[in-house]
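Colleague: have a look; sequence and predicted model below, questions after that.
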Amino acid sequence: MGKKKLTTAGGRPYVEFDNSMTVGNRGPILLQDYFLHEDLAHFNRERIPERVVHAKGTGAFGTFTVTHDISRYTKAKIFSEIGKQTKMFARFSLVAGEKGSADTERDPRGFALKFYTEDGNWDLVGNNTPVFFIKDAKKFSHFIHTQKRDPKTNCKSPTMVWDFWSLNPESLHQVMILMSDRGTPFSYRNMHGFGSHTFSLINKENEKVWVKFHFKTLQGVKNFNGKEASDMKATDPDHSQRDLVEAIERKDFPKWAMSIQVMTVEQAKTYKWNPFDVTKVWSHKEFPLIDVGTMELNEIPQNYFRDVEQSAFAPANVVNGISYSPDKMLQGRLLSYPDAHRYRLGVNYENIPVNKCPYMVANYQRDGQMQVGENGGANPNYRPNSFDDIVVDESYKERPMNLESNVADWFDRNENDNDHYTQPGILYREAMNDQDKKNTVANIISAMSGISGEKKEEIIKRQLCHFFRADAQLGMAIAKGLGVSIDEKTMGIKHKKIVSKMKNTAKTKDPVKEKKVYPSNDHIGSDCDSDHTGKDNNSDHSDGDCDNDETETTEKKGKSKGKFNKPGREVSPDTTGIDTKADKTKSK
């Protein structure tokens, strides 16, 4: 094959690549040196807006192979037969970090998958954790602002972070995972993935079930501790990117086992927690993992910008047999993700090769910035018309939705759903070993030590109350590390009252009309995944979800006595017994 000629963008062969055209050897540059201006103008426009979240990441192509039959739950063609393979693309990322962030920052990791199916692209846009910080999309922009930079100092601000978390106790479950060693995974290959949200599956009989998607790494879970993550940040800030590229290039293809949890529509009506609350997990005893298939990544893109930077994932992209749920965070993402891509990549972003469905696309969308495809050719751009052959396939008609209410209002997201502490408490007590607890406490102390300013004591005191509510020993350990004086007698009495109240609360009579509640049994008998500890095992609860079937909130219809569990409230916890002024020298 002959060598390529150097050309301008328009294809004209060009010779004077190294020197600009000037008047004399030392004279000014002439405007007619078009290639100089073309090259610099293109350079000035090379950067596109980075993602507001998930800015830094890596990606790879691969295949998904069905290993088990789940056709009883879904008619999605991707799962139609055992052995079927579907090409896919995965992108892993930091969440809050900017494009230049270090790969070992303490941060959740994005776990976004695009499956190229014959019924269109299916995007499963999740994280490496089964829960999230908030349960309503209205809080998302405010939450992300706290993870970015202070508007005055332009520095990252622990004060902003902990102020928001302490005022939103629903964040505690995710905060506990983030502050454990799971917040600093060794590499993208060594972490689990989750769809996080509740979705729905529809089978050929149009029967619907609710579903959660899980991806267990077959490389084994491996995490950095806090010091190791900091050291790697200085040694190789692109560690995870490099790790994935080098593993695939040496043909050590990473794999994940996909499984699902299934909940019937009737079970969802009486489940002890809101099954559409993304700050909670489902019990693995009641809803065991069902094996589905294996995901393998085996091809690094030949051009990072073309395929990774321009990749665009949206939870709105589902296929026949897979659909949405009332999860408020999911509902918000259905709109915001495509909108972000239109801003960043243009309205025709789904024509970019990595985002384009490799099968047929037929619609009436035309023109717009960066329309580089056929643009519909000479076919009509309106419907109905007498000329084209585009038809509606009635077999894809979606089933009607049955709504359980005819009242639209701005409902308190925490009403009847304000137990923010049971699952984080079980995570700490039963899913973590002693070393995991020690590391988690140390990471929290380190992070909270950065809180500063006039509201420092108020923020620390408020957040400590949340830790105490999850587990008294956890709260005591963090308080001690921060140099905060605790009236152990007072706090002990309050904690005993809470536990006693939970134990003495009876089941409600009608679990459909009222929220189903159970006595606590002091958190005995829960089944927790030991992979919360960052160790690899063969437990069928390897996603780190805790089973809380014997630990339940005591509230009925959002009503509660005492100061610790007022439904819907996010501020002013009872901080009696906590004195942050007692030893300011230690807490600074």
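Modeller: On my side now, so go ahead. Numbering: from 1, shown residues only.
Colleague: the nearest residue to residue 347 once chain neighbours are set aside: what's it in contact with?
Modeller: Excluding its sequence neighbours, the residue lying closest to residue 347 (Cβ to Cβ, 6 or more residues apart in numbering) is residue 368, at 4.1 Å. C-beta here means a position set from N, CA and C on the backbone, and glycine is covered the same way. Residues in contact with residue 368 (Cβ atoms under 8 Å, 6 or more residues apart in numbering) are 346, 347, 348.
Colleague: number of residues surrounding residue 261?
Modeller: The local packing of residue 261 (other Cβ atoms under 10 Å) involves 24 other residues.
Colleague: ok, the helix or strand encompassing it: who's next to it in the sheet?
Modeller: Assigned by DSSP states H and E, residue 261 falls within strand 255-264. Here strand 255-264 has these sheet partners by DSSP bridges: strand 208-217 (antiparallel), strand 290-299 (antiparallel).
Colleague: all strands of this structure, in order?
Modeller: 57-66, 85-94, 109-117, 120-127, 193-194, 199-202, 208-217, 255-264, 290-299, 322-323, 485-486, 578-579 (DSSP state E).
Colleague: can you redo those strands as CSV with mean pLDDT?
Modeller: Shown next, in CSV, are the strands of the chain (pLDDT from 0 to 100):
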stretch, mean pLDDT
strand 57-66, 98
strand 85-94, 98
strand 109-117, 98
strand 120-127, 98
strand 193-194, 98
strand 199-202, 98
strand 208-217, 98
strand 255-264, 98
strand 290-299, 98
strand 322-323, 98
strand 485-486, 85
strand 578-579, 60
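Colleague: identify whichever of these lies nearest to residue 159.
Modeller: strand 578-579 (18.3 Å; Cβ to Cβ).
Colleague: so residue 7 sits right up against residue 17, yeah?
Modeller: No: applying Cβ atoms under 8 Å, one finds residue 7 not in contact with residue 17, separated by 10.5 Å.
Colleague: higher neighbour count, the two?
Modeller: A count of neighbours by other Cβ under 10 Å puts residue 7 above the other of residue 7 and residue 17, at 11 against 8.
Colleague: relative to residue 471, how far out is residue 285?
Modeller: As judged by Cβ to Cβ, to the nearest Å, residue 285 and residue 471 stand 21 Å apart.
Colleague: just give me the neighbour total for residue 36.
Modeller: Neighbour count for residue 36, taken as other Cβ under 10 Å: 16.
Colleague: my bad, residue 40
Modeller: For residue 40, the count of nearby residues is 10 (other Cβ under 10 Å).
Colleague: returning to that earlier point: looking at residue 285 and residue 471, which one has more neighbours?
Modeller: A direct count of neighbours by other Cβ under 10 Å for residue 285 and residue 471 places residue 471 higher, at 21 against 14.
Colleague: what's the spacing between the more buried one and residue 440?
Modeller: 11 Å.
Colleague: what does residue 9 give?
Modeller: From residue 9 over to residue 440 (counting by Cβ to Cβ), the distance is 54 Å.
Colleague: neighbour-wise, which of the two wins?
Modeller: Taking other Cβ under 10 Å, residue 9 and residue 440 do not tie; residue 440 has more neighbours (26 against 10).
Colleague: wait, residue 70 touches residue 79, no?
Modeller: Yes: between residue 70 and residue 79 there is a contact under Cβ under 8 Å: 5.4 Å.
Colleague: mutual contacts of these two, please.
Modeller: What both residue 70 and residue 79 touch, as defined by Cβ under 8 Å, 6+ apart, is the set residue 292.
Colleague: who's more crowded, these two?
Modeller: residue 79 (25 against 22).
Colleague: quick check: phi and psi at the closest residue to residue 320 other than its chain neighbours.
Modeller: Computed as Cβ to Cβ, 6+ apart, the closest residue to residue 320 that is not its neighbour in sequence is residue 119, at 5.0 Å. Main-chain torsions, residue 119, degrees, to the nearest 10: phi -100, psi 20.
Colleague: give the contact list for residue 119.
Modeller: Each residue near residue 119 by Cβ under 8 Å, 6+ apart is listed here: 76, 77, 78, 319, 320, 359, 396.
Colleague: hmm, try it at 10 Å
Modeller: By Cβ atoms under 10 Å, 6 or more residues apart in numbering, residue 119 lies in contact with 75, 76, 77, 78, 318, 319, 320, 321, 322, 357, 359, 396.
Colleague: need these in a markdown table with distance to residue 33 and neighbour count, can you?
Modeller: Below are those laid out as a markdown table (distance: Cβ to Cβ, whole Å; neighbours: other Cβ atoms under 10 Å):
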| residue | distance to residue 33 | neighbour count |
| --- | --- | --- |
| 75 | 62 | 20 |
| 76 | 57 | 22 |
| 77 | 56 | 17 |
| 78 | 54 | 23 |
| 318 | 52 | 20 |
| 319 | 52 | 20 |
| 320 | 56 | 21 |
| 321 | 58 | 24 |
| 322 | 55 | 23 |
| 357 | 43 | 15 |
| 359 | 47 | 11 |
| 396 | 57 | 10 |
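Colleague: alright, calling it a day.
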